[in-house]
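1. 3D, please:
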Amino acid sequence: MKTQNLNIVYVDIDKLKFAEYNPRKADKKQCEQLKKSLEKFGFVDPVIVNSAPERENIIIGGHFRVKVAKDLGIDKVPVVFVNIPDIEKEKELNIRLNKNTGEWDWDLLANFDIDFLKDIGFKDSELSKFTDDNDFDLSLQSSEVEETIFEMKENLIKFPSKSKYGIPDLKPEMLYKNDKLSEINIIANSRCIDENKYNLFNYDKKRLAEGVDKKILAFYTYDDKFEVVWSESKRICEKILNDRWECVISPNWSMFADDPLALQIWSIFKSRYISRYFQEAGIKIIPDINFSTENSFEFCFDGLPEYIPICSYQSQNLIIKKDFENALNGLNYFEKKFKFDVIIIYGGKKIYDKLSEKMKKKVILVETINERIRTQKNENQIKI
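-> From the prediction side, this is the model:
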């Protein structure tokens, strides 16, 4: 077998030519995945290009990368030139480069976070090789739960409920309580972690929590980022148990004042259902309260016990005057109806000054991710 030295050179992208026979195709989603990869890591794999005079600058391997690079406005790409005058041999190399991608060791791949793998393009059908939920029974995590309660069922579990809408009741004894909790450290990146504080990780930052002891899991992000918690609740619950979180702040699906009440009730139902589901598995919960207008007061607090040691509220999306009015009305109503020791307010700077003096004494303000990044930048803690 002949060997040759391979040199990587940077070439103007406009000089490269796509092979008319290239059989590889990519859909829109795959293009987006590669775009993310190039934006995050740049080119880590050079393009293979023919240098033979009659096939000069024809791409043999890397059509997909070159196309996306052009869309991103990249003007030079790393290239390895090979001299293959015979077009049939060129085609053969093209097919081999596309086909010889190897196979995954699924046992090793199972050690990676499922959501991370989905984010970089793995399909559910592929990941099902090591996410068979039949091997996991949540009832084993709690002696109080019947052995069959979390077997796979077509219907929802009917948890106890005093609500006329069937919204599940939370278990008071499984609410998180911590008299020492006075400050929460929001994690924007790994440099934020402080082992001496309670670190709060948003669901999309949970990978940063590995090896951290004082860690709280929250869902202060867009609904689509954690919809999997509803659709694959059994697997996610197992993951949370294995990762040993101090507690979990309830996932809370958005409620908008102009949404039909049925959708708003459904959002509250999902939040309470998942929270109770987690509680049954032995996970301590901090309820995240949610409401829209006064019309939602009829159901939005259903399932909450009269005494809540620590609760949470998200105010990061308050923009217009009406939003602030609705938020204050809801918080005032909650303060009158429930007894609580601490309320965590995410993005709380916007509304803190408008709260009652009594409530202010119970508030732990938590910066948003963007606020935390700006704080770091201003303090010259990291370079951005």
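
2. can we go C-alpha only for contacts and neighbour counts from here?
-> Noted.

3. quick check: domain ranges of this structure?
-> Listed by automatic domain parsing, the domain ranges of the chain are 8-99, 137-378.

4. Redo these as JSON lines? Include mean neighbour count and mean pLDDT.
-> Shown next, in JSON lines, are the domains of the chain (neighbours: other C-alpha atoms under 10 Å; pLDDT from 0 to 100):
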{"stretch": "domain 8-99", "mean neighbour count": "15", "mean pLDDT": "86"}
{"stretch": "domain 137-378", "mean neighbour count": "17", "mean pLDDT": "87"}
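
5. Tell me which stretches of this structure form helices.
-> Using DSSP state H, the helices of the chain run over 28-41, 63-71, 87-99, 106-109, 114-119, 124-127, 223-226, 228-231, 233-243, 261-280, 321-337, 357-360, 369-378.

6. between those helices, which gets nearest to P305?
-> helix 321-337 (10.3 Å; C-alpha to C-alpha).

7. ok, and what's touching the closest one?
-> Residues outside helix 321-337 that contact it (C-alpha atoms under 8 Å, 6 or more residues apart in numbering) are 291-294, 297, 306, 315, 318, 351, 354-355, 359.

8. Show me which pair in those residues is furthest apart.
-> Taking C-alpha to C-alpha, no two of the contacts of helix 321-337 sit farther apart than E306 and L318, at 26.8 Å.

9. before we move on, the earlier item: need the helices of the chain in JSON lines (columns: distance to I48).
-> Formatted as JSON lines, the helices of the chain follow (distance: least, C-alpha to C-alpha, whole Å):
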{"stretch": "helix 28-41", "distance to I48": "17"}
{"stretch": "helix 63-71", "distance to I48": "9"}
{"stretch": "helix 87-99", "distance to I48": "9"}
{"stretch": "helix 106-109", "distance to I48": "28"}
{"stretch": "helix 114-119", "distance to I48": "27"}
{"stretch": "helix 124-127", "distance to I48": "29"}
{"stretch": "helix 223-226", "distance to I48": "37"}
{"stretch": "helix 228-231", "distance to I48": "39"}
{"stretch": "helix 233-243", "distance to I48": "41"}
{"stretch": "helix 261-280", "distance to I48": "50"}
{"stretch": "helix 321-337", "distance to I48": "55"}
{"stretch": "helix 357-360", "distance to I48": "63"}
{"stretch": "helix 369-378", "distance to I48": "40"}
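
10. L16: which of the ones you listed is closest?
-> helix 63-71 (8.5 Å).

11. Specify the angle between that closest one and helix 28-41 in degrees.
-> 70 degrees (axes from the mean of the first three to the mean of the last three C-alpha atoms, to 10 degrees).

12. Alpha carbons of helix 63-71, as CSV, please.
-> Coordinates of the C-alpha atoms in helix 63-71 are reproduced here as CSV (Å, rounded to 0.1, in the frame of the first residue of the first chain):
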residue,chain,number,x,y,z
HIS,A,63,-19.7,18.4,0.6
PHE,A,64,-22.0,18.8,3.6
ARG,A,65,-19.4,20.8,5.7
VAL,A,66,-18.5,23.1,2.8
LYS,A,67,-22.2,23.9,2.1
VAL,A,68,-22.9,24.8,5.7
ALA,A,69,-19.6,26.7,5.9
LYS,A,70,-20.7,28.8,3.0
ASP,A,71,-24.1,29.5,4.6
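
13. And the strands in the stretch 101-250 of the chain?
-> 184-186, 198-202, 215-218, 247-249 (DSSP state E, counting those that start in this stretch).

14. what packs against the longest one?
-> For strand 198-202, the helices and strands in contact under the criterion 3 or more C-alpha pairs under 8 Å, 6 or more residues apart in numbering; DSSP states H and E are strand 184-186, strand 215-218.

15. Check the last one too.
-> Helices and strands in packing contact with strand 247-249 are listed as strand 215-218, strand 285-286; criterion 3+ C-alpha pairs under 8 Å, 6+ apart.

16. In TSV, list those along with distance to L97.
-> Shown next, in TSV, are the helices and strands packed on strand 247-249 (distance: least, C-alpha to C-alpha, whole Å):
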stretch	distance to L97
strand 215-218	42
strand 285-286	50
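
17. Just give the closest residue to Y10, not the sequence neighbours.
-> Once flanking residues are discounted, Y10 sits nearest to P78: 4.5 Å by C-alpha to C-alpha, 6 or more residues apart in numbering.

18. which ones are touching the one you found?
-> By C-alpha under 8 Å, 6+ apart, the residues touching P78 are 8-11, 43, 45-47.

19. check contacts around the closest residue to N252 other than its chain neighbours.
-> If the residues on either side of it in the chain are set aside, N252 comes closest to S271, at 5.3 Å by C-alpha to C-alpha, 6+ apart. Listed by C-alpha under 8 Å, 6+ apart, the contact set of S271 reads 250-253.

20. Roughly how far does the most centrally placed residue in the chain sit from I184?
-> With distances taken as C-alpha atoms, centre = their mean, D204 lies nearest the centre of the chain, 2.9 Å away. Computed with C-alpha to C-alpha, to the nearest Å, the distance linking D204 and I184 is 18 Å.

21. follow-up on the earlier one: for the helices and strands packed on strand 247-249, which one sits closest to T368?
-> Between the helices and strands packed on strand 247-249, strand 215-218 lies closest to T368; by C-alpha to C-alpha that is 11.9 Å.

22. Provide the strand pairings for that closest one, with the direction of each partner.
-> When pairs are called by DSSP bridges, strand 215-218 turns out to pair with strand 198-202 (parallel), strand 247-249 (parallel).

23. For it, list the C-alpha coordinates in CSV.
-> The C-alpha coordinates for strand 215-218 follow below in CSV (Å, rounded to 0.1, in the frame of the first residue of the first chain):
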residue,chain,number,x,y,z
LYS,A,215,-27.1,21.3,43.7
ILE,A,216,-30.7,22.2,42.9
LEU,A,217,-32.3,21.4,39.6
ALA,A,218,-34.6,24.0,38.0
